[in-house]
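Colleague: structure here, sequence nowhere to be found:
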């Protein structure tokens, strides 16, 4: 999304930055993990396909993505790539009830889990969605096995509206 191309969001121990081409190699490495593929319902891509996907995310007005940086590592090392720990995304749609977005969060680096990074990144993205993108309705799809994300979204007061057995996810 071009709207967020110069946006940097900070919330406690998290810094969100737009997904740039120089992030792709590390992101690609993460997405080779079978665990992350399963948790994110993703298929592995080649590095070239990952670069193409990054450009698509940059241009499409119905998608907004930020790379999550561990603010403590960023402050200590001053290196975005070293501080990368995940991503957060919005898929935007116009609905009868108003503008909606499906939100996704991935904390890819195991060392970053359990530090409230996912919580702070999700809160920052929801706030950005409301204030800058005029999102009125947020939804999420979470895999049956992804108990960490289920707990996160329950704490954020998301309510379960549907289960889709064929895809093994909760809406």
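Modeller: Okay, I see it. Because the structure is a prediction, the values reported are computed rather than measured. Numbers count the residues shown, from 1 in each chain.

Colleague: can we go C-alpha only for contacts and neighbour counts from here?
Modeller: Fine.

Colleague: quick one: list the elements packing against the strand ranked longest in the chain.
Modeller: Criterion DSSP state E: the longest strand present in the chain is strand 84-95. Under the contact criterion of 3 or more CA pairs under 8 Å, 6 or more residues apart in numbering; DSSP states H and E, strand 84-95 touches strand 63-70, strand 98-107, helix 117-133.

Colleague: between the ones you listed, which one is nearest to residue 38?
Modeller: strand 98-107 (11.6 Å; CA to CA).

Colleague: and the closest one, which strands flank it?
Modeller: Strand 98-107 sits in its sheet next to strand 84-95 (antiparallel), strand 137-139 (parallel), going by DSSP bridges.

Colleague: before we move on, the earlier item: and the helices and strands packed on strand 84-95, which is most packed in?
Modeller: Of all those, strand 63-70 has the most neighbours on average by mean count of other CA atoms under 10 Å, namely a mean of 25.

Colleague: after that strand, which helix or strand is next?
Modeller: Downstream of strand 63-70, the next assigned helix or strand under DSSP states H and E is helix 71-77.

Colleague: beta partners of the closest residue to residue 63 other than its chain neighbours?
Modeller: Nearest non-adjacent residue to residue 63, counting by CA to CA, 6 or more residues apart in numbering: residue 91, 4.8 Å away. Listed by DSSP bridges, the beta-bridge partners for residue 91 are residue 63, residue 102.

Colleague: residue 91 contacts residue 62, correct?
Modeller: Yes. Between residue 91 and residue 62 there is a contact under CA atoms under 8 Å: 5.8 Å.

Colleague: list the buried residues in the helix or strand of the chain with the lowest mean pLDDT.
Modeller: Least confident helix or strand, the chain: helix 34-40 with a mean of 88, by mean pLDDT, DSSP states H and E. Along helix 34-40, these residues count as buried under the neighbour rule (16 or more other CA atoms under 10 Å): 36, 39-40.

Colleague: got JSON lines for these, with distance to residue 105 too?
Modeller: Below are those laid out as JSON lines (distance: CA to CA, whole Å):
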{"residue": "36", "distance to residue 105": "11"}
{"residue": "39", "distance to residue 105": "10"}
{"residue": "40", "distance to residue 105": "9"}
